[in-house]
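Novice: coordinates for the following, if possible.
(2 chains, ligands or ions: 2)
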Amino acid sequence: MDPAGGAASALQLLGITKSYGSVVACDAVDLAINKGEIHGLLGENGAGKSTLMKILLGLVHRDAGSIVYGGKPVEINTPQVAAALGLGMVHQHFSLIEPLRVWENVILGDVGRIDRLAACRQVEEVGLRYGLPINPMARVEQLSAGERQRVELIKCLRRDPAVLILDEPTSVLTQAESAELFSVLRRVVQEENRAVILISHKLAEITAATDRVTVLSKGRVVFQSATGDTTATELARQMVGREVSLRAEAAALGVLPVEQYRVELASAEQVESASPDRPAALRLRELEVDVGGVAVVKRLSLDVRAGEIVGLYGVEGNGQSTLGDVLSGLVQPTSGSIELGGVPVELNRPGALQRAGLGIVPEDRHRCGVVLDMSVAENLSLKALGDIGGRHLLSRRKMHAVARRLVAEFNIVAPSLDAPVRSVSGGNQQRLVVARELSANPTVLVAAQPTRGLDVAAIEDMYLRLREAASSGVAVLLISTELEEVMELCSRVAVISSGRITGVLSIVEATAERLGMLVGGMAA
Amino acid sequence: MSALAVVVAMALSALLIATTGGSPLDSLNAIIQGSVGSPAAWTTTLLNATPLLVVAAGACISSRSGIFNIGQEGQVLIGAMAATAVSLRLALVGPALLVLGMFAAAVAGGVWASLSAVMHRLRGVNIVVSTLLMTFVAQQLISYAVNTPWLLQATRIGSTAPPPESNQIPVGAQLGSIGHYPQLQLNLGLFLALVLTVVVAVAMARTRWGFELKMMGLNPLTAQHAGVRVSRLGAVALGLSGAFAGIAGAVLIASPVGNFRLQPGVSSNFGWDGLLVALVARNRPIVAVPFAVLFGILRSGGNFVAATGVPSFLVDVVKGLLVLAFVAPPALADMLQRRAATAKAARSASTRSADLEGVAA
Ligand SMILES: Nc1ncnc2c1ncn2[C@@H]1O[C@H](COP(=O)(O)OP(=O)(O)OP(=O)(O)O)[C@@H](O)[C@H]1O
Ligand SMILES: [Mg+2]
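Specialist: Ligands and ions are numbered 1, 2, ... in the order given. Predicted structure coming up:
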C-alpha cells in the first residue's frame, strides 16, 4: 500500500470525452487513481477539471470513454450511484441552503427519520475527527466562506467515501486551515487506505500535499508525474505552456518568504508617497454593522487614496464578508458613513455606491456577483444597463458588442456570449466579474479575495490589472486572507480582527510578527 | 417526451370516461364539435380564451420576478366588481364608460394584489399564502355586494326579491365584436388580450425593466447589488399581475361569457385556469396564446360533453391531466432515471462492500 510503488488502482478513467457544442471540455482523458494516494489535478481555468470530476460523480454524462472502479467497469449515471459506490465530492462552489442550519444541511438528501440530536452529534464527531470544528446549530447564512467550506467537507466526509474528490477546497480556507485539512487528508489516506483527488490552483499545495500529479490542458492530459519528481515551476510551465513568473503566483499562494520582498518593495517603489495630501478616494468612517443583532463590524474607519492599493488583511470570519456586503450595497450599516471623493454616499439608495464610482469584486461571486442563469453577455452588462440602451429599451446588439469587447480584453473563455454563466468554468466566471467592474472605470475598486479560483496565469494577470488600475489613479482596496498577496500588492496594510481595525501599517513597517499580533487582536 | 405525456393524458382521460360509462369517442367528438366545429363554436372558444390570456400575461410578470401570485381568481372578481360598479353608476357615453370600467378594474385588481405586498412588507406574511387567502375574502365581498340593495344588487321589480346579482351593464359598456363574418364573432376583448400579451412580451424581453425583473427573479442579491430596488420592483410586479387579473374580470363582465352582470360565480375559475396557462407556458407570454386557446377549447367543448352522458366535471379532470402532461415530463424523466440508476447502484454496491472489507482486513 505504499503510494509510490504501483499500488492497486482504486479508480480508472479511460478515454473520457465530453464536448459542449464546439467546446471540448474533456478530450480522451486517461487517469488512474491509486488507493492510498492523494492525486493532484491541475490545469488552467476551463481546462476541464470540474467537468471531469462531474462525469465521475454522475452529474454530467460523458460522450465516450469508460470508468473502471474496484476492477470492474461501472456506469455512473447519477450522483446517487456515485454515492452508493463510495465516491464523494466537495464542489468548487457551495451547494448549501442558506436559511437552514448546519446539521440540516449535512443530512440533506438522507432518507428516513430525522434525528436532530444524532445529526448534531455526528457533525461534531466528524468535525473532531477531521479537525473541522463547527457549531451544528448555526445557520449557514451566518457562516463565513471558510466555515461553509467546513460544512461541505463534513457533509461529504461523514459518508466515509472511498474516493474523495475535492474541487478547489482551499480557495476559501486560510493557510492554517488548509494545512490542517491536508494533514487530516494524509491521515485518512494512509490509515484508511482511501484515495483523494485534489483539484487546486495553488501549486505549493499540490507539491506539498500530493503523491502524484496530473496536468490537464484544454481537456487533455499533458503531464503526469510523481510529485516528488517535479517542481512547481515545471508544473506551471506544463499548465500554461510557457514560463510564468511564479512570483505573483507565489504571493497569492503563499510560498515565498515574506521578509524577502518586503525589503525589495520598500526600496523599489514608494507608492504611498504618491498622494499624501489629496483627499481619500474612499473613506470608511466609524462603520458599525449589525447582523442578526450581533455587531459584526465595529467602528471601522479606513482611508484609501487614489493610486494606492490598501490591503485589508485578516483571518476569514472577522467581519470582512459583512464589510463586503456593505460595499456591495446589500447591507446597511447601523451607523457611520462611506465617502467617495469626499462626498458621503446615501447608502439607502440602491446602486448609490456604484453610481458614485465604486466597483467591487465580491467574495462570493455566485451569491451576489453574477446571475448564473443569465447569459455571459447579460451578466457583463447588468450593472451598466444605461450603456446598452436608452432609458427604457435595451439593445441586444450593443450588449453583444460590449460583451465581445470585454471577453476579448479579459480573456474570458465561454462557450458563447449567450451561454448561461452557469456553463462557464469557475475561473472564467471570476474574470467576468472583474471585467465588468473594471470596465465601468471606477474611481475606487474593492477586490475581495480576487484571486480565488484563478489559475497561475490568471493570478498574474489579475495582479497586473490591479497594479495598472492603481497606477492609473484608482484607489484599490484589497480584502484578502493571504498575507503574501497583501505584501506583494499593497502599500499599506490594515488588519481586521473581530470586526475592528487593529492597526494600519505601511508595507515597510509590516513584518509578519507585527501583522500576526494585530491579527490576534493585539496592538503592535 | 411531452408529446408522449399528452398521449398518455389523452389515453387516461379516455379510460376514465369509458369507466364512468361514457364513450370516449363521443366525448372527443363533442369537445371538437363544441369548440372548433363551427364558427359559432369558435366564437365561444375565443371568448373563453380571452380572459384566460389576460390573466396568464399578468401571471408571467409576477412569476418572472420570482414572486408567486396565486390569487388571480379573487383579483378577477374584484376587477369584475369595479367594472360593474363604474358601468352601472356613472352616466357616461358608451366607449368612455368601457374604458373607464377597464381602468377601474385594473386599479382595483392591482390594489387588491398589492395588499399582499403590504402585508409582506409590514408583517412578513408569505405572498403565496396571502394572495390565496385574499381570494376567499374577495368571494365574500362580491357575495355581499350583490346581496345588498344599496350596493350592486339588481333593482327590485314588483314585490319579488331580486336575485343575488347585479343589473345588466348598459350596452355602451359592453365589448362589441369586430367585423362581420357569418356566425363568427371576434370580440374586441380578444384583441385587447393579444395587445396586452404582446406588450408584456416586449417589455420583458426588450426593456430595461424586463431585464431587471428577470435578474430579480433569478438572483435578487445580484439585482440589489446592481442597483435594483428589489422590494419595490417586486411590489410593482405583484400589483401588475393583479391589475391584469382585474382587467380580465372587466372583460368577463363586458362580454357574453359573463352575461354582462356581476354574479358571485362570475369568475368561474378563469383566474385559476389563467394561472395554469401561464404555468404550462412556463411564463412566456407569447407561448401562453396557444395554451389559452387550448384551455378555451376545453371550456367551450366541455359544455357539450355533458350531452353525451358524461359528467361534465370530468372535463376538469382532463384539463388537470393535460396540465400535468405539459408540466410533469421534465421532472418525471429525471425521477425515472434516478430510480433506475439507484437500483443498479444498490446491486453493484453490495458487491463492492465485499471488496472493501477485503481491503480493510
Ligand atoms: N454546461 C456547460 N455548457 C457548455 N459549456 C460548458 C458547460 N460546463 C462546462 N463547459 C465548458 O467546458 C470547459 C471546461 O470547464 P470546467 O468547469 O471543467 O473547467 P475547470 O477546469 O474546472 O476550470 P476552473 O479552474 O476555472 O474551475 C469550459 O470551457 C466551460 O466553458
Ligand atoms: Mg472548476
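Novice: who touches the nearest residue to B:Lys214 once chain neighbours are set aside in this structure?
Specialist: Spatial nearest neighbour of B:Lys214, excluding adjacent residues (Cβ to Cβ, 6 or more residues apart in numbering or on different chains): B:Arg64 at 6.0 Å. From N, CA and C alone the C-beta is placed, and that goes for glycine too. Contact analysis of B:Arg64 by Cβ atoms under 8 Å, 6 or more residues apart in numbering or on different chains lists B:Met204, B:Gly210, B:Leu213, B:Lys214, B:Gly217, B:Ala237, B:Asn283.
Novice: and those, which of them are in helices?
Specialist: B:Met204, B:Gly210, B:Leu213, B:Lys214, B:Gly217, B:Ala237 (DSSP state H).
Novice: was I right about the fifth one contacting B:Phe68?
Specialist: Think B:Gly217. No: between B:Gly217 and B:Phe68 there is no contact under Cβ atoms under 8 Å: 10.4 Å.
Novice: ok, those two, which is more surrounded?
Specialist: Neighbours were counted for B:Gly217 and for B:Phe68 using other Cβ atoms under 10 Å in any protein chain shown; B:Gly217 has more, 21 against 17.
Novice: how about that one, nearest residue that isn't a chain neighbour?
Specialist: Nearest non-adjacent residue to B:Gly217, counting by Cβ to Cβ, 6+ apart: B:Gly66, 3.8 Å away.
Novice: what about the one you found, neighbour count?
Specialist: 18.
Novice: and what of the one 4 residues further on?
Specialist: Applying other Cβ under 10 Å, we find 21 other residues in the vicinity of B:Ile70.
Novice: same check, this time on A:Arg405
Specialist: 13.
Novice: beyond the host helix or strand of it, next helix or strand please.
Specialist: Element membership for A:Arg405 (DSSP states H and E) is helix A:396-409. Counting by DSSP H and E, the element after helix A:396-409 in chain order, helix or strand, is helix A:426-439.
Novice: check whether that following helix contacts ligand 1.
Specialist: Yes: remark: helix A:426-439 sits within contact range of ligand 1 at A:Gly426, A:Gly427, A:Asn428, by Cβ under 6 Å from any ligand atom.
Novice: now that helix and helix A:396-409, what's the angle there?
Specialist: 110 degrees (axes from the mean of the first three to the mean of the last three Cα atoms, to 10 degrees).
Novice: which neighbouring elements make contact with the helix or strand following helix A:426-439?
Specialist: Where DSSP H and E defines the elements, the next helix or strand beyond helix A:426-439 is strand A:444-448. Strand A:444-448 is packed against helix A:320-327, strand A:358-361, helix A:426-439, helix A:456-471, strand A:475-480, with contacts defined by 3 or more Cβ pairs under 8 Å, 6 or more residues apart in numbering or on different chains; DSSP states H and E.
Novice: now the angle from strand A:444-448 to helix A:426-439?
Specialist: Using the same axes, to 10 degrees: strand A:444-448 against helix A:426-439 is 160 degrees.
Novice: how near is A:Leu173 to ligand 1?
Specialist: Distance from A:Leu173 to ligand 1, counting by Cβ to the nearest ligand atom, to the nearest Å: 17 Å.
Novice: where are the low-confidence patches of chain A?
Specialist: Within chain A, the stretches with pLDDT under 70 are A:1-7, A:243-278, A:522-524.
Novice: so the residue nearest to B:Lys214 versus ligand 1, what's the distance?
Specialist: B:Arg64 sits 23 Å away from ligand 1, going by Cβ to the nearest ligand atom.
Novice: cool, A:Cys156 as well?
Specialist: 18 Å.
Novice: wait, what's in contact with A:Leu164?
Specialist: A:Leu164 touches A:Gly88, A:Met89, A:Val90, A:Cys156, A:Leu157, A:Leu185, A:Val188, A:Arg194, A:Ala195, A:Val196, A:Ile197, counting by Cβ under 8 Å, 6+ apart.
Novice: what's the closest non-adjacent residue to the first one?
Specialist: Translated: A:Gly88. Nearest to A:Gly88 is A:Pro161, by Cβ to Cβ, 6+ apart, at 3.1 Å.
Novice: neighbours of residue 136, how many?
Specialist: By default, I'm working from chain A. A:Pro136: 21 neighbours (other Cβ under 10 Å).
Novice: hmm, I had chain B in mind actually
Specialist: By other Cβ under 10 Å, the residues close to B:Phe136 number 12.
Novice: I figured it hits B:Gly74, correct?
Specialist: Yes: taking contacts as Cβ under 8 Å, B:Phe136 lies within contact range of B:Gly74: 7.3 Å.
Novice: is the residue of the stretch 1-150 of chain B found nearest chain A in a helix, a strand, or coil?
Specialist: Proximity of the stretch 1-150 of chain B to chain A (Cβ to the nearest Cβ) peaks at B:Gly66, 11.6 Å away. State at B:Gly66, reduced to three classes by DSSP: H, G, I helix; E, B strand; the rest coil: coil.
Novice: quick one: contacts for it?
Specialist: Contacts of B:Gly66 (Cβ under 8 Å, 6+ apart): B:Met216, B:Gly217, B:Leu218, B:Pro220, B:Gly234.
Novice: okay, these in CSV with distance to B:Ala80 next?
Specialist: Listed next are those as CSV, based on distance: Cβ to Cβ, whole Å:
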residue, distance to B:Ala80
B:Met216, 30
B:Gly217, 29
B:Leu218, 34
B:Pro220, 33
B:Gly234, 26
